[in-house]
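Trainee: how would this look folded up:
(one chain, ligands or ions: 2)
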Amino acid sequence: MGGFKRIGVMGGGAWGTALALTARRAGLSVTLWAREPEVVDSVNNRRTNDLFLPGVALDGDIHATADQAEAASADAVLLVTPAQHLRAGCRALAPFWRPGTPAVICSKGIELSTYALMERVVTEELPEATVAVLSGPTFAIEVARGLPTAVTLACADPGLGQALVEALGTPSFRPYLSDDPVGAQIGGAVKNVLAIACGIVEGRGLGDNARAALITRGLAEMTRLAMAQGGRRETLMGLSGLGDLILTASSTQSRNYSLGFALGQGQTLQQILGGRHSVTEGVHSAAAVLGMAATAGIEMPICAAIDAVLNHGADLDGAIRALLARPFRSEGV
Ligand SMILES: NC(=O)C1=CN([C@@H]2O[C@H](COP(=O)(O)OP(=O)(O)OC[C@H]3O[C@@H](n4cnc5c(N)ncnc54)[C@H](O)[C@@H]3O)[C@@H](O)[C@H]2O)C=CC1
Ligand SMILES: O=C(CO)COP(=O)(O)O
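Mentor: Ligands and ions are numbered 1, 2, ... in the order given. From the prediction side, this is the model:
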């Protein structure tokens, strides 16, 4: 196992670009597939990604391409599209996929049309891939600048997981191995919805106590859902659960938190999204989280309130009042 020399990255957004830089720092050769011709041009000819990660100088050895076959021929491929586009992305890679090539899921979300985790999407579209999940507290810009970062690398096959850790790890990008891809995926998907909630709390001026309560009770929701899907509680207490929740639910650098903040300040969802070309995953995952929770018979009141506000025209203050009026209960998960 291992011996990775060339990494393919599918997705030339901020995170795909930062991961391409990380892989180069780890000594790997990198082929970055991007959907937008201007990103391919910018990376190859100006050594930047002007569209999605402006202001960061890229390594001259990152080769960008519009050709899926080139990315799929690497020794392992990082999948970094927005979650709702991962299925189409994998389908386009499938004709070129070599059996056994590892696919590392770096997208965070749940598919809206099926309520499926990304792992199911990938195994349906790339049945010959071996799958791993990379998730954790990782603002792309900080990773791109080489600031210290730690992530969860989750893989059901410990040998492959360890090989990926060794291939991608550097002193400033430290993967911690886990054998719980389900827990890692649920943490990454649900924290985005909770980050919107925390942004709303800040935008509405509800105070730091309220945000701490939301983070903690949100962690309980996330853990309930993960355990119902076969994930483990300790995974949610790690980097891909609590770690990412702390980061995203308390920083204006987060697109999910800042969207919640703007909602809390009175802007509409349409106004906020209209001014963005980057992805805000929590907006797409809120309904999918709720769908998965309903199927599993799990209560997720905070995520339900966010889904109601985003997707069902619920009044923000009414949703907050309803959450605060819930019956008192014991604190366990
Ligand atoms: N930016 C970050 O700090 C981090 C992002 N992630 C995750 O990585 C994934 C990708 O996010 P970013 O790189 O930040 O994206 P981004 O917001 O920087 O870029 C948008 C991406 O969406 C793609 N896109 C837009 N419309 C599309 C369409 N119709 N079909 C297919 N692709 C389309 C673009 O090609 C581009 O790759 C998300 O799931 C995100 O949650 C995970 C960790 C950190
Ligand atoms: O996933 C992320 C950090 O771990 C990025 O968060 P945002 O998408 O909210 O910016």
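Trainee: Quick one: residues contacting residue 92.
Mentor: By CB atoms under 8 Å, 6 or more residues apart in numbering, residue 92 lies in contact with residue 68. Glycine gets a C-beta too; all of them are placed from N, C-alpha and C.
Trainee: Can you tell me the SS state at it?
Mentor: helix (DSSP: H, G, I helix; E, B strand; the rest coil).
Trainee: Mind pulling up the pLDDT for it?
Mentor: pLDDT recorded at residue 92 is 98.
Trainee: Check the one 5 residues further on too.
Mentor: The predicted local confidence for residue 97 comes out at a pLDDT of 98.
Trainee: count of residues packed around residue 27?
Mentor: Applying other CB atoms under 10 Å, we find 10 residues neighbouring residue 27.
Trainee: Against ligand 2, how distant is it?
Mentor: 24 Å (CB to the nearest ligand atom, to the nearest Å).
Trainee: Is that residue in a helix, a strand, or coil?
Mentor: coil.
Trainee: Now do the same contact list for it.
Mentor: With CB under 8 Å, 6+ apart, residue 27 has no contacts at all.
Trainee: Now do it, the pLDDT please.
Mentor: Looking at residue 27, the pLDDT reads 97.
Trainee: Quick check: phi and psi at it.
Mentor: phi 90, psi 10 (degrees, to the nearest 10).
Trainee: Residue 154 now?
Mentor: Main-chain torsions, residue 154, degrees, to the nearest 10: phi -110, psi 130.
Trainee: Same check on the one 3 residues further on?
Mentor: For residue 157, the backbone dihedrals are phi -100, psi 110 (criterion: degrees, to the nearest 10).
Trainee: bridging residues for the spatially closest residue to it that is not a sequence neighbour?
Mentor: Once flanking residues are discounted, residue 157 sits nearest to residue 130: 6.4 Å by CB to CB, 6 or more residues apart in numbering. Beta-bridge partners of residue 130, counted by DSSP bridges, are residue 102.
Trainee: can you count the residues close to residue 130?
Mentor: 18.
Trainee: same check, this time on residue 273
Mentor: Neighbours of residue 273 (other CB under 10 Å): 14.
Trainee: Kindly report the same for the one 4 residues further on.
Mentor: Other residues near residue 277 come to 8 when the count uses other CB under 10 Å.
Trainee: Which positions within stretch 302-318 qualify as buried?
Mentor: 302-310, 314, 316 (16 or more other CB atoms under 10 Å).
Trainee: Please produce JSON lines containing these, extended by distance to ligand 1.
Mentor: Formatted as JSON lines, these follow (distance: CB to the nearest ligand atom, whole Å):
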{"residue": "302", "distance to ligand 1": "19"}
{"residue": "303", "distance to ligand 1": "16"}
{"residue": "304", "distance to ligand 1": "21"}
{"residue": "305", "distance to ligand 1": "21"}
{"residue": "306", "distance to ligand 1": "16"}
{"residue": "307", "distance to ligand 1": "18"}
{"residue": "308", "distance to ligand 1": "22"}
{"residue": "309", "distance to ligand 1": "20"}
{"residue": "310", "distance to ligand 1": "16"}
{"residue": "314", "distance to ligand 1": "24"}
{"residue": "316", "distance to ligand 1": "24"}
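Trainee: From residue 35, how far off is the residue nearest to residue 11 when sequence neighbours are not counted?
Mentor: Excluding its sequence neighbours, the residue lying closest to residue 11 (CB to CB, 6+ apart) is residue 80, at 3.5 Å. Distance, residue 80 to residue 35, using CB to CB, to the nearest Å: 11 Å.
Trainee: repeat for residue 230
Mentor: According to CB to CB, residue 230 stands 33 Å off from residue 35.
Trainee: try residue 72
Mentor: Distance, residue 72 to residue 35, by CB to CB: 15 Å.
Trainee: Same question for residue 314.
Mentor: Residue 314 is 34 Å from residue 35, by CB to CB.
Trainee: got it, and residue 310?
Mentor: Counting by CB to CB, the gap from residue 310 to residue 35 is 25 Å.
Trainee: Next: residue 96.
Mentor: 16 Å.
Trainee: Flag every buried residue along stretch 225-234.
Mentor: By neighbour count, with 16+ other CB under 10 Å as the criterion, the buried positions of stretch 225-234 are 225-229, 231-232.
Trainee: how long is stretch 67-75 from one end to the other?
Mentor: 16 Å (CA to CA, to the nearest Å).
Trainee: How far off centre is that stretch?
Mentor: Computed by CA atoms, centre = their mean, to the nearest Å, the chain-centroid distance of stretch 67-75 equals 22 Å.
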